[in-house]
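A.B. asks: Sequence first, then the predicted structure, then my questions.
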Amino acid sequence: MIPEPGPSVEAVERTDPEGDALTLTRDAQGVWITCTTDGDEITVGPFPEEALAQMLAELGTAAVPPSRR
C-alpha cells in the first residue's frame, strides 16, 4: 500500500533536466522510492530507513578513491 499524503508523511523529490523524477517518501512503515518517467511511475518499498542510510553510506564510500578515505 503506497503512502497517502498526511501529517505523518514526509517526501522529497528531485527532477532531472529531462523531467524524470525520483521521490523518497517516509511514513510509519518505512521509506518508499518512486521513479517517474514519461508518464510511467513505479513505487517500491517500504524499506527500513536504516537499511537505506547504510546503502547510501556504502555508495558514498565507494565513490571516494581509497587514497582520499
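C.D. replies: The structure has been received and is ready for your questions.
A.B. asks: my guess is T43 meets V31, correct?
C.D. replies: No - checked against C-beta atoms under 8 Å, the pair T43 and V31 is beyond contact range at 11.0 Å. For glycine as for every other residue, the C-beta is placed from the backbone atoms N, C-alpha and C.
A.B. asks: So between the two, which is more surrounded?
C.D. replies: The neighbour comparison of T43 against V31 (other C-beta atoms under 10 Å) goes to V31, with 21 against 14.
A.B. asks: can you give me the strands for the chain?
C.D. replies: Ranges of strands in the chain, per DSSP state E, are 10-15, 21-27, 30-37, 40-47.
A.B. asks: Tabulate the ones you listed (JSON lines), appending mean pLDDT.
C.D. replies: Formatted as JSON lines, the strands of the chain follow (pLDDT from 0 to 100):
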{"stretch": "strand 10-15", "mean pLDDT": "94"}
{"stretch": "strand 21-27", "mean pLDDT": "94"}
{"stretch": "strand 30-37", "mean pLDDT": "95"}
{"stretch": "strand 40-47", "mean pLDDT": "95"}
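A.B. asks: need those strands in CSV with distance to T61, can you?
C.D. replies: Output for the strands of the chain, formatted as CSV (distance: least, C-beta to C-beta, whole Å):
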stretch, distance to T61
strand 10-15, 22
strand 21-27, 20
strand 30-37, 20
strand 40-47, 19
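A.B. asks: Mind telling me which residue is nearest the centre of this structure?
C.D. replies: L24 (3.8 Å; C-alpha atoms, centre = their mean).
A.B. asks: how near is that residue to A53?
C.D. replies: Distance, L24 to A53, using C-beta to C-beta, to the nearest Å: 12 Å.
A.B. asks: And for A21?
C.D. replies: Note on A21: its distance to A53, by C-beta to C-beta, is 22 Å.
A.B. asks: for G19, same thing?
C.D. replies: 28 Å.
A.B. asks: what's the answer for D40, then?
C.D. replies: Counting by C-beta to C-beta, the separation of D40 from A53 is 28 Å.
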